[in-house]
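Visitor: After the sequence you'll find the predicted model.
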Amino acid sequence: MTAVQQAPDAGQTAPSPPARPGGPPARRGPTGRLRRTPETPPTGVARLVPRTASARIRTLTALAAVLLVALLAVSWWAIANAREGVRVIGHDAGPQVVATGDLYFQLTDMDAQLANALLIGGAAGGGRDQALARYNENRQKAGDALLKAAKLADERTEDNTARDVLDALGRYERFAGQALLLDEQSGHASGPPSQQVIELYQRATDLMKLDLLPKAYNLTLDNGTLVRHTYEDKRSAVLTGRTWILVTGLALLAVLVAFQLFLAARFRRLLNLPLVAATLGTFVLVVAGTAMLSGQADHLRKAKQEGFDSILALSRTRAISNSAAADETRFLLDPGRADAYEQVYLSKSQTVLYLKAGNLTEYNTAVQKDLSFEPGRAPFLGFLGTEANRPTESDERRAQLVDALNKILKDYQKVQANDRQMRTLVHGGKRDQAVAARGASAADFTEYDRSLQALAQIHQKAFDEAVEDGDGGTRGWYAVLPIAGIVIAVLVLIGVRPRLAEYRWSK
């Protein structure tokens, strides 16, 4: 008997076929035909994951574009900070500080030469004319430096300070002119000038020390602070930009490499040449940008630490040394204030080169000892000690600095020995011989000042080179960045479009 398959009774539902492994169960519809229940849509983070090849290609392309824009933006920002740092330090506040430092020196030298002229008197061949000629020369240079500082002033407070210095300088010149005229009318040829002349000079030199020099130093201090803050902020920004270029650049390279591997696996292509070119271009851009910013950070450091700091310190050293030399003249010119001038001379000398000493005699004894040093291990402090301990990377420049500083120390020892001789003569009641010795020692002080200028020139050269390298280091990058960005983006699109078209055709 043949078995006959029976239809299901009315009202009895046919059994559902088994579900396909890994898929939703199949169910019968109202007509009895099979239909598959739609898959449950992904939720949460899974919704963000592209599920098709074309979607993955578009996602990788968009991610590469975003990272490329971030790389270009970070590079642009870092370059802008590097250029601003070089501008402020090398062309704006930095030169202004140097100009006001020169102003400080010229003002102190004016007062020193005024004291020399009054001390020498009108004796033939005494050197009064030379002192007055140098006074007038310094007055002109001080005016030029003041005008330059006022021209470079970019804030109202700086401009007001420059105007106040100019006004005080006019009052100083009036007192100085009255003292010189009265001294000339009195026929002073030798010995101390009259009390009236000394009183006028005291008014002039007090105005210089209590008004002119502090205001001139304020100009230097304000702009020196601006240089320091600019250096710290801009160099930090450059180094931060370098770090972000590495981060975004490496992320972009990782995306491009992953893109290459995905296309190779999906479309059976060993290499996508446009993507390879885009990857190489990105690598070159990241390496070049990182190297450029590292160079800019180094240029800023050299301009600030190996150039500007030393130039400013040596300018202050020259001014203080010159003021101390004037105190020697004041010591002879104004016996009523001799003790005060001697103490001030010691204070200024220790500012230039500090050695532990309780009085001027002990200080001179300490100075005449061996002052040889190793770079970074100077046995003395003060401005010259800071200069001796200042680090530098160039071996050739370090050797030049050590030789120049040793020459300064030897000349400084002569200056202090001459001072000791002059004071010994005064204390021995031989004032006329002390005045003559003071005049004879002027050549040694001039040689010492020239040694300071020679060392400053070494640092000035380093400063100029660093600023020039900083200006050239970023030249052309504002054109390179957009061009490189466009080229890389176009190469990525060229590599992607055929694959998308191939995918659509294969479907």
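Guide: Received, thanks.

Visitor: contacts, neighbours, all on C-alpha from now
Guide: Noted.

Visitor: How much space separates the residue nearest to Met292 when sequence neighbours are not counted from Arg83?
Guide: Closest residue to Met292 apart from its sequence neighbours, by C-alpha to C-alpha, 6 or more residues apart in numbering: Gly473 at 6.6 Å. Distance, Gly473 to Arg83, by C-alpha to C-alpha, to the nearest Å: 9 Å.

Visitor: Now do Val4, the pLDDT please.
Guide: The model reports Val4 with a pLDDT of 45.

Visitor: Rounded mean pLDDT for stretch 371-390, please.
Guide: 85.

Visitor: Buried ones in that stretch, by neighbour count?
Guide: In terms of neighbour count (16 or more other C-alpha atoms under 10 Å), stretch 371-390 has its buried residues at 373, 375, 378, 380-390.

Visitor: same check, this time on stretch 76-90
Guide: 76, 78-83, 85-90.

Visitor: can you check stretch 447-464 too?
Guide: Buried, per 16+ other C-alpha under 10 Å, within stretch 447-464: 447-449, 451-456, 458-460, 462-464.

Visitor: now, which of these sits nearest Ala112?
Guide: The shortest approach to Ala112 among these belongs to Asp449, at 14.0 Å (C-alpha to C-alpha).

Visitor: Quick one: residues contacting the closest residue to that closest one other than its chain neighbours.
Guide: Of all residues not flanking Asp449 in the chain, Arg318 sits nearest, at 6.6 Å (C-alpha to C-alpha, 6+ apart). Arg318 makes contact with 105, 449, 452 under the criterion C-alpha atoms under 8 Å, 6 or more residues apart in numbering.

Visitor: Point out the ones among those that are inside helices.
Guide: The members of those that map onto helices under DSSP state H are 105, 449, 452.

Visitor: Lowest pLDDT pick from the residues you listed?
Guide: Minimum pLDDT across the ones in helices among the contacts of Arg318 falls on Phe105, with 83.

Visitor: Does that one touch Ala319 like I think?
Guide: Yes: with contacts counted by C-alpha atoms under 8 Å, Phe105 reaches Ala319, the gap being 4.3 Å.

Visitor: Mind checking which of those two has more residues around it?
Guide: The residue with more neighbours, out of Phe105 and Ala319, is Phe105; 25 against 22, by other C-alpha atoms under 10 Å.

Visitor: quick one, helices of the stretch 251-400 of the chain?
Guide: 273-301, 309-333, 338-352, 360-367, 382-388, 395-427 (DSSP state H, counting those that start in this stretch).

Visitor: now for the ones you listed, which one comes closest to Arg139?
Guide: Using C-alpha to C-alpha, the nearest of these to Arg139 is helix 309-333, at 14.6 Å.

Visitor: ok so, going back, which one of the helices of the stretch 251-400 of the chain is the most hemmed in?
Guide: helix 309-333 (a mean of 23; mean count of other C-alpha atoms under 10 Å).

Visitor: mean confidence score for that helix?
Guide: 87.

Visitor: Surely the residue nearest to Met292 touches Gln296?
Guide: Yes: between Gly473 and Gln296 a contact is recorded at 6.6 Å, counting by C-alpha under 8 Å.

Visitor: Please report the distance of Glu173 from Asp432.
Guide: 28 Å.

Visitor: same deal with Ala62?
Guide: On the measure of C-alpha to C-alpha, Ala62 and Asp432 end up 90 Å apart.

Visitor: neighbour-wise, which of the two wins?
Guide: Asp432 (15 against 12).

Visitor: before we move on, which element is the more buried one in?
Guide: Assigned by DSSP states H and E, Asp432 belongs to helix 431-440.

Visitor: Show me what that helix is in contact with.
Guide: Under C-alpha under 8 Å, 6+ apart, the answer for helix 431-440 is 191, 329, 332, 418-419, 421-423, 425-426.

Visitor: can you name the two of these that are farthest apart?
Guide: Gly191 and Asn418, at 20.5 Å, using C-alpha to C-alpha across these.

Visitor: returning to that earlier point: could you dump the contacts of helix 431-440 to JSON lines with distance to Gly358?
Guide: Output for the contacts of helix 431-440, formatted as JSON lines (distance: C-alpha to C-alpha, whole Å):
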{"residue": "Gly191", "distance to Gly358": "32"}
{"residue": "Thr329", "distance to Gly358": "22"}
{"residue": "Leu332", "distance to Gly358": "22"}
{"residue": "Asn418", "distance to Gly358": "20"}
{"residue": "Asp419", "distance to Gly358": "17"}
{"residue": "Gln421", "distance to Gly358": "19"}
{"residue": "Met422", "distance to Gly358": "20"}
{"residue": "Arg423", "distance to Gly358": "17"}
{"residue": "Leu425", "distance to Gly358": "21"}
{"residue": "Val426", "distance to Gly358": "21"}
